[in-house]
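Visitor: sequence plus the predicted model coming up.
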There are 2 protein chains.
Amino acid sequence: MVAANTNRKSRARAEAAGRSHDPEGVRRDILAVATEEFADNGLSGARVDEIAARTQTSKRMIYYYFGDKEGLFVAVLEAAYGRIRAIESDLDLAGMEPAAALRTLTEFTFSYQNDNPDFVRLVMVENIHKGVHLARSEKIQAVNVSVLAVLRDIYQRGVATGAFKAGLDVIDIHMTISALAFFNVSNRATFSLIFKRDMASRAALARRRKAVADTVMGFVRPD
Amino acid sequence: MVAANTNRKSRARAEAAGRSHDPEGVRRDILAVATEEFADNGLSGARVDEIAARTQTSKRMIYYYFGDKEGLFVAVLEAAYGRIRAIESDLDLAGMEPAAALRTLTEFTFSYQNDNPDFVRLVMVENIHKGVHLARSEKIQAVNVSVLAVLRDIYQRGVATGAFKAGLDVIDIHMTISALAFFNVSNRATFSLIFKRDMASRAALARRRKAVADTVMGFVRPD
DNA sequence: CACGAATTTAACTGTTTCGTACAAAATAAT
DNA sequence: ATTATTTTGTACGAAACAGTTAAATTCGTG
């Protein structure tokens, strides 16, 4: 009942000395490369051979650990969703004043998506495929509901103090935040091309982040 | 200087009688099928053989008219952008009161994107590919700036009457409208899966359309 | 109606790509 | 010591796939 080679000591040794048995390290290596490859080229566009070539290991190991290409994609999605959840739970918004908390949450979401275009692009790819891989994964389903709890707390406190308009749907608010943050990454190529607008520079991001936060605050503002 | 087989009479005859030479009809047929196929499966995921099989014509004609798979994709994008521009220019917002005009424009955009998921999905696909096909097409570049002129007129009139807050960027407003309308289609699969929210029913769309319009109005509303 | 240009048909080519087979060895757990 | 897990490496099969060759048909035009 002891976890195989996953305890800290043996793993650390394996990595440091370049030892040969390090299943978790191999998985991480494959997942990191596959994340980039799927984010760049989509599910059909990504090449298993190319992923294998860019890892420290071989194609054989991809199939050993992930079964097939789609299994690898599911694992990549799970890892990506896992990362954002881990970071989200680090935010301490319960102690802040409602308006400040909502603005902070919005700006954090915006910054996270912009700092992690691979996550956004994976979600785009998964949506092109109608969410079938997400649906297949049990791990992910429970993940993102935690954001809603945080937001619900902020909103209810805001309504109580009169800072926010009553009667809004928390999922609506979340959708608005997500949409505005997501679009800046997902549609950057076509939008900036058509409207000749830089969307990736530090200054442009700061400007847009403020506009997005203002938009969200405008939505919850009482009449 | 007379256009070959493209005048109305001969085309109509060709279609009606099932005649063999009908270049424009063949192009339309291919484009219609390819639009669905690319929107469903992405650029790499779409299969030329599958597109060919679903047309009335053969694979060879795809290459005859569009050169290669990417050429076909560019043509599909051009046609999709062309359609939205054609409809947008039909809206008569110049005569409306600024607030009503902005709300109408927002709701129209929302409805158009939701009624035309293939358009949204094509734009997603193109963004996965960093906009390289859009960049290659001269036709599209000039297209979408017309929306900005309409929006600029509305906004300036609204500022003049005091209905809107001054100092906003028209592209920012457009981006907000686009993001909120787009997301409802682009991320429907993953979002509705995670948050167990129906986003496609008539009632859900009406609700969300109002929320989106309220959000936009909140953004331009004076302090 | 002749003749060159445009359009269409049908079978074919060569490569890419996912996934596996085979054969064996190093390492870890018990 | 023995059993299970992890790793290496190459080569290969079979299907999927984008794109082509070449000839035939139809059409506009003089």
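Guide: Happy to help now that I have it. Just so it is clear, the model here is predicted, and its values are computed rather than measured.
Visitor: check which helix or strand covers A:His174.
Guide: Here A:His174 sits within helix A:170-186, counting by DSSP states H and E.
Visitor: average pLDDT across that helix?
Guide: Mean pLDDT, computed over helix A:170-186, is 98.
Visitor: for that helix, the distance to its chain's centre please.
Guide: Using CA atoms, centre = their mean, to the nearest Å, the mean C-alpha position of helix A:170-186 is found 13 Å from that of the whole chain.
Visitor: check stretch A:196-215 too.
Guide: Relative to its chain's centre, stretch A:196-215 lies at 20 Å (CA atoms, centre = their mean).
Visitor: can you check stretch A:180-195 too?
Guide: Using CA atoms, centre = their mean, the offset of stretch A:180-195 from its chain centre is 17 Å.
Visitor: got the angle for the longest helix belonging to chain A vs helix B:23-45?
Guide: Longest helix in chain A by number of residues (criterion: DSSP state H): helix A:23-45. With axes from the mean of the first three to the mean of the last three CA atoms, to 10 degrees defining the directions, helix A:23-45 sits at 180 degrees from helix B:23-45.
Visitor: kindly report which residue of chain A is located farthest from the centre.
Guide: Here chain A reaches farthest from its C-alpha mean at A:Asp223, the gap being 33.9 Å by CA atoms, centre = their mean.
Visitor: need the contact list for that one.
Guide: A:Lys165 (CB atoms under 8 Å, 6 or more residues apart in numbering or on different chains). In this view, the C-beta of every residue, glycine as well, is placed from N, C-alpha and C.
Visitor: name the SS class of it, please.
Guide: coil (DSSP: H, G, I helix; E, B strand; the rest coil).
Visitor: burial measure for A:Arg83, as a count.
Guide: Neighbours of A:Arg83 under the rule other CB atoms under 10 Å in any protein chain shown: 14.
Visitor: before we move on, the earlier item: pLDDT at the residue farthest from the centre of chain A, what is it?
Guide: pLDDT, read off for A:Asp223, is 88.
Visitor: same question for A:Val143.
Guide: Reported pLDDT for A:Val143: 72.
Visitor: in which helix or strand does it reside?
Guide: A:Val143 belongs to no helix or strand, assigned by DSSP H and E.
Visitor: same thing with the one 10 residues further on?
Guide: Secondary-structure element containing A:Asp153, defined by DSSP H and E: helix A:145-161.
Visitor: hmm, that helix in reach of chain B?
Guide: Yes - remark: helix A:145-161 sits within contact range of chain B at A:Val145, A:Leu148, by CB under 8 Å from any CB of the partner chain.
Visitor: between that helix and helix A:170-186, what angle do the directions make?
Guide: 120 degrees.
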